[in-house]
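**Student:** Here is the input, now give the coordinates:
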Amino acid sequence: MVRNFAIVLFLTATALSLVAEESETPSLTLLPKTIPSPDSNPLTAAKVELGKQLFFDPRLSGDNTMSCATCHIPDQAFADGQAKSPGQGGRLSNRNTQGLANIGLFTNFFWDGRAASLEEQALGPIQSPDEMNQSLDELERELNAIRGYVQQFREVFGSQVTRDGIAKALAAFQRTLVTQASPFDRYLAGDDDAISGAAKRGLELFQGDAGCIRCHHGPLLSDNKFHRIGASWRDCGRGLITHKPEDDYRFRTPSLRNVAQTAPYMHDGSLETLYDVVMFYFRGVPKSSPEGKPLDIEPRLDSSFSDIDNLVAFLRSLTGMLPEVTAPELP
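**Tutor:** The predicted model follows:
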């Protein structure tokens, strides 16, 4: 009897917990002023400077022609303005290059979430045959032949050049790419004049009838989760990583911070403008995948086209100034 009562209590508590989780209302929050670093990779000025040099160094690519900054351009919110970026030999990548503004706040990386840390993410494009196409063994040999890098790595990590150090330095630099307060942040903090009337109407729609906040919330305006929205059926997305059919065509919710600077949009770069993106959600969402897999959203068929401009005005209010980053002198 006691045991059965305990089981009932456990099941009741579990149910209440699930109800509480489901009832939590997503909210929009201010960006932190800094992004915390893991204990395994504490931030130092020397490490950030080393990471910046590596970020701009074309010697990280197999043919010494591409750097991280080739596809992550500082004055484009560290995106590149192309639907799909050319890699080694001019071969186009499979997906759109995402901007790096506030990237350190994510808990998974790439459109399909295949990297669990910024350190892991940093080495992905270097090794990818479709991107920088560089062997990490060769990269270590190449950089260890450069006196300046050897000296810096010894000062920062107490070792010669290693792939682990390269990843940590690049991650440290990227964690400094935090935007200053956007007009929306100032509005959220109490400045009623920080955004326009159209942006305020867009914010109301975003949180209300349009339903955008269900997936776009928190400081990044992203839930860090993966959704099937039907933008394209050529790429299985998350399913390629997990090998689970239920993850096919799912992609991570992108951040909307500085989104006005990172066109074109979607994982395949298929939508050119913010207006196109909102129009897709209003009218372009298909009913299901070709295999009949259900989507996580439905088109907003009852929404007025006049709402699109207001939502776009709100999205433009999310642009905050990034740190000024210029190409450093390389060793």
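
**Student:** tell me which residues of stretch 318-331 are tucked away?
**Tutor:** For stretch 318-331, the neighbour count (16 or more other CB atoms under 10 Å) marks Leu318, Thr319, Gly320, Leu322, Val325 as buried. C-beta: built from backbone N, CA, C; applies to glycine.

**Student:** for the record, mean pLDDT for stretch 97-115?
**Tutor:** Confidence for stretch 97-115, expressed as mean pLDDT, is 97.

**Student:** Now find how far off-centre that stretch is within its chain.
**Tutor:** 3 Å (CA atoms, centre = their mean, to the nearest Å).

**Student:** for stretch 34-45, same thing?
**Tutor:** Per CA atoms, centre = their mean, the centroid offset for stretch 34-45 relative to its chain is 19 Å.

**Student:** buried residues in it?
**Tutor:** Those would be Ile35, Ser37, Asn41, Leu43, for stretch 34-45 by 16+ other CB under 10 Å.

**Student:** any idea what sits nearest Leu118, other than its immediate chain neighbours?
**Tutor:** Excluding its sequence neighbours, the residue lying closest to Leu118 (CB to CB, 6 or more residues apart in numbering) is Ala171, at 4.1 Å.

**Student:** burial count for that neighbour?
**Tutor:** By the criterion of other CB atoms under 10 Å, Ala171 has 24 neighbours.

**Student:** Now do the same contact list for it.
**Tutor:** Neighbouring residues of Ala171 by CB atoms under 8 Å, 6 or more residues apart in numbering: Asn41, Gly51, Gly104, Ser117, Leu118, Glu119, Gln121, Ala122.

**Student:** any idea which helix or strand comes after the helix or strand where it lies?
**Tutor:** For Ala171, the element it lies in under DSSP states H and E is helix 163-174. Using DSSP H and E, the next helix or strand after helix 163-174 towards the C-terminus is helix 183-188.

**Student:** Buried ones in the helix or strand hosting Glu119, by neighbour count?
**Tutor:** If you go by DSSP H and E, Glu119 is part of helix 118-127. Buried positions in helix 118-127, judged by neighbour count with 16+ other CB under 10 Å: Leu118, Glu119, Gln121, Ala122, Leu123, Pro125, Ile126.

**Student:** Give me the distance between the first one and Asp193.
**Tutor:** Translated: Leu118. Using CB to CB, to the nearest Å, Leu118 is found at 36 Å from Asp193.

**Student:** cool, the fourth one as well?
**Tutor:** Relative to Asp193, Ala122 is positioned 40 Å away (CB to CB).

**Student:** ok, now the second one?
**Tutor:** Look at Glu119 and Asp193: by CB to CB, they are 41 Å apart.

**Student:** same thing with the fifth one?
**Tutor:** For Leu123, the distance to Asp193 equals 45 Å [CB to CB].

**Student:** repeat for the last one
**Tutor:** Using CB to CB, one obtains 45 Å as the distance from Ile126 to Asp193.

**Student:** pLDDT on the helix or strand hosting Leu205, on average?
**Tutor:** Leu205 is part of helix 197-207 when elements are defined by DSSP H and E. For helix 197-207, mean pLDDT rounds to 98.

**Student:** same deal with stretch 142-155?
**Tutor:** For stretch 142-155, the per-residue pLDDT averages 98.

**Student:** Also stretch 73-85?
**Tutor:** Mean predicted confidence for stretch 73-85 is 95.

**Student:** Quote the end-to-end distance of it.
**Tutor:** End-to-end distance for stretch 73-85, by CA to CA, to the nearest Å: 12 Å.

**Student:** so where do the strands sit in the stretch 1-150 of the chain?
**Tutor:** Per DSSP state E, counting those that start in this stretch, the stretch 1-150 of the chain carries no strands over any range.

**Student:** one step back: other SSEs contacting the helix holding Glu119?
**Tutor:** Packing partners of helix 118-127 (3 or more CB pairs under 8 Å, 6 or more residues apart in numbering; DSSP states H and E): helix 136-144, helix 163-174.

**Student:** can you list contacts of it?
**Tutor:** 41, 60-61, 68, 71, 103-104, 106, 109-110, 114-115, 131-136, 139, 163, 166-168, 170-171, 174-175.

**Student:** which among those end up buried?
**Tutor:** In the contacts of helix 118-127, the ones that pass as buried (16+ other CB under 10 Å) are 41, 60-61, 68, 71, 103-104, 106, 109-110, 115, 131-134, 139, 163, 166-168, 170-171, 174-175.

**Student:** before we move on, the earlier item: Serialize the helices and strands packed on helix 118-127 to TSV and add fields for distance to Glu272.
**Tutor:** TSV is the format used below for the helices and strands packed on helix 118-127 (distance: least, CB to CB, whole Å):
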stretch	distance to Glu272
helix 136-144	36
helix 163-174	27
